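Trainee: coordinates only, sequence not included:
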Ligand code: NAP
Ligand code: ZN
Ligand code: ZN
């Protein structure tokens, strides 16, 4: 199947129009017309090789919302016309402890990422979501609730699940205090979910002008970190702090804000090292952890949660020829709060 999209041909090149082939349907595959594709900061990190050697040509994109156009002979889960989403991974071993627990995102034989990855045959490069269509194993696609706007849903497939999963895992709920560092694509979804789960929610942002938006999304407090001394004097009262920042920041002042047994979770992946002092970890038995997207069952749970709470991403809808500007603006923290490409413009 011919696919029209945008690709990075090298780590130094701007993204350009690119035509390529998608595989013929296998028995468990579905084909879809992509309607919308979100731009995640991970797309930028990978297209620019900030996480190490990458596979080119690269069609980025792992926030995909579209409509099923064909199903393979063994597919029972979907039918033509269904609205479905594809996220950050499109395959895994299906037999390890993590996969059997519905956590293919933590597969011991590594997930096959939606792009910048090889399929299970070890040689076919996976091509991502910046394109007008897709073919995917039905086990890695999820149903989109009918009441939600498709463009606002696309970012849920990465930004949404990546914040929903740790909030649920570490028990964000009424009576808990949650901090979200960075009000970008991921962070703004974290604020919406944390508030919807009933947690008292604080945003730490280096962009003071985002305060009104943060509060409108459900945050209870906004701390401007433009002046690093702004954290001084704050009490150690957070149960959970999620770091969604795409650049390296000093984590040590945030460890000090955790209460007894509190946890700081790494979500942002700058590709750089983060020096950590052991002292604050010891002093209140605090934990430092990490979290990577979420499994397919939880992806469906998150979408259903969004359906019942009317939650979607705040987006700026763009045409495909704006992708390179959108990358620069994302790096400058200048997006409200996710760029989404209209796939009709590929
Ligand atoms: P994004 O939209 O660019 O948001 C990142 C936010 O971080 C910015 O909006 C900004 O928030 C803050 N920030 C950026 N540069 C900063 C700096 N120099 N100092 C302090 N704060 C800064 O990016 P995203 O798409 O949300 O992704 C965020 C990170 O998570 C990326 O590294 C991405 O690769 C990673 N990620 C991880 C997973 C996972 O599974 N763990 C999944 C997806 C993405 P303020 O303006 O509010 O300060
Ligand atoms: Zn992503
Ligand atoms: Zn596995």
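Mentor: That came through fine. None of the values given here were measured: they were computed from a predicted structure. Ligands and ions are numbered 1, 2, ... in the order given.
Trainee: can you give me the strands in the stretch 201-346 of the chain?
Mentor: Using DSSP state E, counting those that start in this stretch, the strands found in the stretch 201-346 of the chain span residues 221-224, 238-243, 258-266, 287-290, 315-318, 338-342.
Trainee: of those strands, which approaches residue 45 most closely?
Mentor: In terms of CB to CB, the element of these nearest to residue 45 is strand 258-266, at 14.3 Å. For every residue, glycine as well, the C-beta is placed using N, CA and C.
Trainee: quick one: average pLDDT of the closest one?
Mentor: The pLDDT scores in strand 258-266 average 98.
Trainee: List the buried residues in that strand.
Mentor: Residues 258, 262-266 are the ones in strand 258-266 that count as buried (16 or more other CB atoms under 10 Å).
Trainee: neighbours around the closest residue to residue 280 other than its chain neighbours, how many?
Mentor: Spatial nearest neighbour of residue 280, chain neighbours left out: residue 255 (3.9 Å); criterion: CB to CB, 6 or more residues apart in numbering. If you count neighbours by other CB atoms under 10 Å, residue 255 ends up with 24.
Trainee: Same check on residue 196?
Mentor: 19.
Trainee: Apart from its chain neighbours, what residue comes closest to it?
Mentor: Of all residues beyond its chain neighbours, the one nearest residue 196 is residue 309 (5.0 Å), with distances taken as CB to CB, 6+ apart.
Trainee: quick one: the one you found from residue 12, how far?
Mentor: Per CB to CB, to the nearest Å, residue 309 is found 42 Å from residue 12.
Trainee: what does residue 131 give?
Mentor: 22 Å.
Trainee: quick one, phi/psi of whatever residue of the stretch 1-150 of the chain ends up closest to ligand 1?
Mentor: Residue nearest to ligand 1 within the stretch 1-150 of the chain: residue 41 (3.1 Å; CB to the nearest ligand atom). Phi and psi for residue 41, reported as degrees, to the nearest 10, are phi -60, psi -20.
Trainee: give the contact list for it.
Mentor: By CB atoms under 8 Å, 6 or more residues apart in numbering, the contact set of residue 41 is 184-186, 246, 330-331.
Trainee: coming back round to it: more neighbours, residue 309 and residue 12?
Mentor: More neighbours surround residue 309 than the other of residue 309 and residue 12, with 12 against 8 (other CB under 10 Å).
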